[in-house]
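1. what's the 3D shape of this:
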Amino acid sequence: MTLKFEITDIQHPENPNLFRIRALRDITKYNIKAGDLGGYVTYGSNLSQTGNCWIGGDALAFESAKVYGHAQVYGNVQLYGNARIYGKAHVYGNAHVYGNAHVYGNARVFDNVNISGNSRVFERATVYGNARVCNGSRVYGDAQVYEDAKVSGNAHVEGLAEINKKMKVLGKCTVLATDQIYYVDGVTAYFDKGENLLIKGTATPNYHETLARLKLS
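-> Okay, here's the model as predicted:
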C-alpha cells in the first residue's frame, strides 16, 4: 500500500504532542498535492492511510480520534476522545467533536458547533452556528440544527426538521418535519417566558403525537 501521508517533526505551537502531517501523494478530490502540509495529529492512527480522507488547515486530531473513508476535516477543528469522522462528512470551522461522537454519511458540521457524548450526526444533516448536540442524541435525514440550539438527552431530530435560535430538544423524543409543520412524537412542546422553544421529555402515556409549529418567526 502506498502511504498517503507522513507525520513531520513540525510541532503544534501550543501542544508539543501534536505534529503536522504531509501528503505523500495527490488527493485529487480535495485538491491536495504531494508535499502539501495538513493539520496536526498525535498518532498515525488518527487519519487513515486509505481513501480520500484528509485533515487540513490547523485542524487537530488527537487521543483516539479517527478520520477515515472520504471525510474531510479542516479549519480549526478539534477531534479528540473517541470521535469518528467518516463517510463523506465534512467538519470545519471551529467545531469540536469529542467523546464517542460520530459524524458520517454526507453530514456537514461547521462554525462553533460541539458534538459530544455518544451523539451521531449523519445522512445529509447539517449542524452549524453555536449549536450543541450531546448526550447520545441523533441528527439525521435533512435536518438542520443551528444558531444557539441544543439537542440533548437521546433526542432524535430528523426529516426536514429545523431546530434553531435558542430552541432546546431535551430527553427521549423525536422531532420530524413536513414543510413548516413539525411533528413531535410523545413530547410536550411549549414556549418559555423568553419565547424560546423547549421540547422536553415524554408526555403522558396516551399522548402519542403533538402538532407544533416549531419554527420561530
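2. which secondary element of this structure has the worst mean pLDDT?
-> The weakest-scoring helix or strand in the chain, judged by mean pLDDT, DSSP states H and E, is strand 209-212 (a mean of 40).
3. Where is the longest strand in this structure?
-> The longest strand of the chain (DSSP state E) is strand 5-11.
4. what's downstream of that one, the next helix or strand?
-> Remark: after strand 5-11, the chain's next helix or strand is strand 19-23, criterion DSSP states H and E.
5. Output the contacting helices and strands for that following strand.
-> On a contact count with 3 or more C-beta pairs under 8 Å, 6 or more residues apart in numbering; DSSP states H and E, strand 19-23 meets strand 5-11, strand 37-41. Where you see a C-beta, it was placed from the backbone N, CA and C, and this is true even at glycine.
6. Pull out the buried positions in stretch 119-137.
-> 119-123, 125-129, 131-137 (16 or more other C-beta atoms under 10 Å).
7. And stretch 148-159, by the same measure?
-> Buried, per 16+ other C-beta under 10 Å, within stretch 148-159: 149-159.
8. mind putting the helices and strands packed on strand 19-23 in JSON lines, distance to K168, mean pLDDT and mean neighbour count included?
-> JSON lines is the format used below for the helices and strands packed on strand 19-23 (distance: least, C-beta to C-beta, whole Å; pLDDT from 0 to 100; neighbours: other C-beta atoms under 10 Å):
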{"stretch": "strand 5-11", "distance to K168": "40", "mean pLDDT": "98", "mean neighbour count": "14"}
{"stretch": "strand 37-41", "distance to K168": "32", "mean pLDDT": "98", "mean neighbour count": "23"}
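9. how about these in CSV, adding distance to T28?
-> As requested, the helices and strands packed on strand 19-23 are exported to CSV (distance: least, C-beta to C-beta, whole Å):
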stretch, distance to T28
strand 5-11, 15
strand 37-41, 15
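10. for stretch 107-123, what is the average pLDDT?
-> For stretch 107-123, mean pLDDT rounds to 98.
11. same check, this time on stretch 161-175
-> Stretch 161-175 carries an average pLDDT of 78.
12. same check, this time on stretch 77-93
-> On average, stretch 77-93 scores 98.
13. can you give me the end-to-end distance of that stretch?
-> 6 Å (C-alpha to C-alpha, to the nearest Å).
14. residues of that stretch that come out buried?
-> Those would be 77-81, 83-93, for stretch 77-93 by 16+ other C-beta under 10 Å.
15. Now the phi/psi pair for N46, please.
-> Dihedral pair for N46: phi -70, psi -20, per degrees, to the nearest 10.
16. how many neighbours does it have?
-> Applying other C-beta atoms under 10 Å, we find 26 residues neighbouring N46.
17. And it, what's its pLDDT?
-> 98.
18. again with M1
-> 73.
19. Make sure it is actually in contact with T50.
-> Yes. The pair formed by M1 and T50 meets the contact definition of C-beta atoms under 8 Å, at 7.2 Å.
20. Compare these two and say which is more crowded by neighbours.
-> T50 (11 against 5).
21. Just the pLDDT for the more buried one.
-> Confidence score, pLDDT, at T50: 96.
22. Would you confirm that it belongs to a helix?
-> No. The assignment for T50, made by DSSP: H, G, I helix; E, B strand; the rest coil, is coil rather than a helix.
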